[in-house]
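Any chance you can model this:
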Amino acid sequence: MSTPDKKPETKALENNGVIVATREYVQDAIEEHARSRNHPYATLTDRGFVTLSNEVDSDSEVTAATSKAVKEAYDLASIANQNALNNNSNLYLEKKRNGADVPDKAEFVRNLGLSELVYRAVGNGANQIPDMNSFESKLDESGYQKLPSGLIIQWGVVNGGINSADLRRFPIPFKNKCLIVTGSYVKGDAWGQGISVEIRSKEEFLIVVHDSAGRWSYSQVQYIAIGY
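Numbers count the residues shown, from 1 in each chain. Below is the predicted model:
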């Protein structure tokens, strides 16, 4: 036969059959229960005791992070995010450097499909690209057109020479040589006349217009000269 537990008189006060627990009794009971292992941990669905932790790398499901742990984790995350931004910035090109920070410029050009153009030199030779100076021209009644090969085409309107010393000048001198000059009448009423041309130099030529009597005429003629 068991004997009923006897409660210490200091733990409760009895008054007319009513037992009232003292504050000291309640505190002792809570501490005794807390020290025992006869109670469950709290879960997401069940009530229970919670253990606090300052660890920021814990994967425990029975402890709760303190405000300190949360702040440390937040600070670490901010640092990690900033580092990630800094690392990513190393992957980008700076606009102000205008492509100077491209690691492999040759590969970059190939990827753009421009390698055949970028690496060709300016010039008038094979696999070179001429600049606009190679196409210099004067588009006028008396003018010329330069080509990248060095060829020059010139034209103009002049009066026929009246003697062998009455020469005409090209709009510009040929650099090396005049190859050919040919002429024709400006007006169609000079029937029976003939034109003869003589190249005198890189700068001048003689053009003679003959009338029907074989005399030199001052008639107006137009010409084309080709040289280089």
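
separation between residue 109 and residue 102?
For residue 109, the distance to residue 102 equals 9 Å [C-beta to C-beta, to the nearest Å]. In this view, the C-beta of every residue, glycine as well, is placed from N, C-alpha and C.

These two: who's more crowded?
residue 109 (16 against 13; other C-beta atoms under 10 Å).

Give the other helices and strands that the host helix or strand of residue 108 contacts.
Assigned by DSSP states H and E, residue 108 falls within helix 105-111. If you count contacts as 3 or more C-beta pairs under 8 Å, 6 or more residues apart in numbering; DSSP states H and E, helix 105-111 packs onto helix 115-118.

elements contacting the next helix or strand after the helix it packs on?
The C-terminal neighbour of helix 115-118 among helices and strands, as given by DSSP H and E, is strand 137-138. For strand 137-138, the packing partners by 3+ C-beta pairs under 8 Å, 6+ apart come out as strand 143-146.

For residue 111, see how far away the residue positioned nearest the centre of the chain is.
Centroid check for the chain by C-alpha atoms, centre = their mean gives residue 99 as the closest residue, at 7.1 Å. Counting by C-beta to C-beta, the gap from residue 99 to residue 111 is 13 Å.

what's the span of stretch 159-169 from first residue to last?
Taking C-alpha to C-alpha, to the nearest Å, stretch 159-169 runs 12 Å from one end to the other.

So for it, what gets flagged as buried?
160-161, 168 (16 or more other C-beta atoms under 10 Å).

Just give me the closest of those to residue 122.
Closest approach between the buried residues of stretch 159-169 and residue 122, by C-beta to C-beta: residue 168, at 35.4 Å.

Next one: that closest one from residue 187, what distance?
18 Å.

ok, now residue 110?
Residue 110 is 61 Å from residue 187, by C-beta to C-beta.

Among those two, which residue is more densely surrounded?
Neighbours were counted for residue 110 and for residue 187 using other C-beta under 10 Å; residue 110 has more, 13 against 8.

And the helices in this structure, which stretches?
23-35, 67-89, 105-111, 115-118 (DSSP state H).

tell me, which of those is the model least confident about?
Note on those: helix 115-118 shows the lowest mean pLDDT, a mean of 66.

Roughly how far does residue 177 sit from residue 28?
In terms of C-beta to C-beta, residue 177 sits 125 Å off from residue 28.

Settle it for me: which of those two has more neighbours?
Remark: of residue 177 and residue 28, residue 28 carries more neighbours, 15 against 10, as counted by other C-beta under 10 Å.

Any stretches of the protein with poor pLDDT?
For the chain, the stretches with pLDDT under 70 are 1-18, 37-39, 49, 85-94, 115-119, 121, 124-125, 188-193.

what about 90?
1-134, 160-165, 184-195, 208-220 (pLDDT under 90).

The nearest residue to residue 174 once chain neighbours are set aside - how many residues pack around it?
Using C-beta to C-beta, 6 or more residues apart in numbering and skipping residues adjacent in sequence, the residue nearest residue 174 is residue 227, 3.7 Å away. Neighbourhood size, residue 227 [other C-beta under 10 Å]: 20.

was I right about residue 227 contacting residue 173?
No - using C-beta atoms under 8 Å, residue 227 is not in contact with residue 173; the gap is 9.3 Å.
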